[in-house]
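Novice: What shape does this take:
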Amino acid sequence: MKYIIFLAVTFVFSAATFAADKVFQGAVQLSSHANTKDNSLFLKSKSHGEKFLKLVEKTAVREISTSELFNLVEEKNQNSEKAIIIDVREESEWQNDPKISTAIHLSKGILERDIEQLIPNTNQAIRVYCSGGFRARLAADTLLKMGYSNVKSLQGGMRAYQAYLNASKNKSD
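Specialist: Residues are numbered from 1 along each chain as shown. Model (predicted):
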């Protein structure tokens, strides 16, 4: 009987591990979609259509790396006059998912409407992020089109930032 329970537990664990691995591989895979301006690679999710990805690729947005944003967040904790960090994810993501403590929330759906009142200075350094980097690139592109001159998008989004934090933590342990 113990052997049967052991086999059942092993099977369930193996199936769950296999399924999680397949979901991860399917949901986020490295794509050959490279931005010709900065040669960055996009994380491609199967839920993103080709037209959406082409729209993102056409943006003239400069990106900030996870380490650069981490350093900026650390500086911002000491100096409030640094770049403004904007989380452009939806309200439910802002409420339920990890976020950067110094960021303000301004979802992509209302960014264009509210940005001028919140940040009237078009020379202000602005850094935007979302979950995976796509919406942030589109939001940054919109801000550039609206006349904001110092805008960058977080490469890889919050998922990449969380991975960077986890890797940094593991190195220090």
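
Novice: Now do the strands in the protein.
Specialist: For the chain, applying DSSP state E gives strands covering 29-34, 41-44, 62-64, 84-87, 104-105, 126-129, 151-154.

Novice: hey, which helix or strand in the chain has the poorest pLDDT?
Specialist: strand 29-34 (a mean of 33; mean pLDDT, DSSP states H and E).

Novice: where in the chain is pLDDT low?
Specialist: 1-46, 76-81, 173 (pLDDT under 70).

Novice: can you give me the helices in it?
Specialist: With DSSP state H as the criterion, the chain has helices at 2-27, 50-57, 66-76, 91-96, 108-118, 134-145, 157-172.

Novice: and among those helices, the most buried is which?
Specialist: helix 134-145 (a mean of 23; mean count of other CB atoms under 10 Å). Heads up, the C-betas are built off the backbone N, CA and C, glycines and all.

Novice: ok, residues contacting that one?
Specialist: Here helix 134-145 makes contact (CB atoms under 8 Å, 6 or more residues apart in numbering) with 42, 48, 52-53, 55-56, 59-61, 63, 86, 88-89, 108, 111-112, 115, 126, 128-130, 151-154, 157.

Novice: so Asp87 makes contact with Cys130?
Specialist: Yes: counting by CB atoms under 8 Å, Cys130 is a contact partner of Asp87 at 7.3 Å.

Novice: Find the residues that touch each one of the two.
Specialist: What both Asp87 and Cys130 touch, as defined by CB under 8 Å, 6+ apart, is the set Met158.

Novice: one step back: and of the helices of the chain, who's closest to Thr102?
Specialist: Shortest distance between Thr102 and the helices of the chain, using CB to CB, is found for helix 66-76: 4.7 Å.

Novice: how much does that closest one deviate in direction from helix 157-172?
Specialist: Angle between the axes of helix 66-76 and helix 157-172 is 80 degrees (criterion: axes from the mean of the first three to the mean of the last three CA atoms, to 10 degrees).
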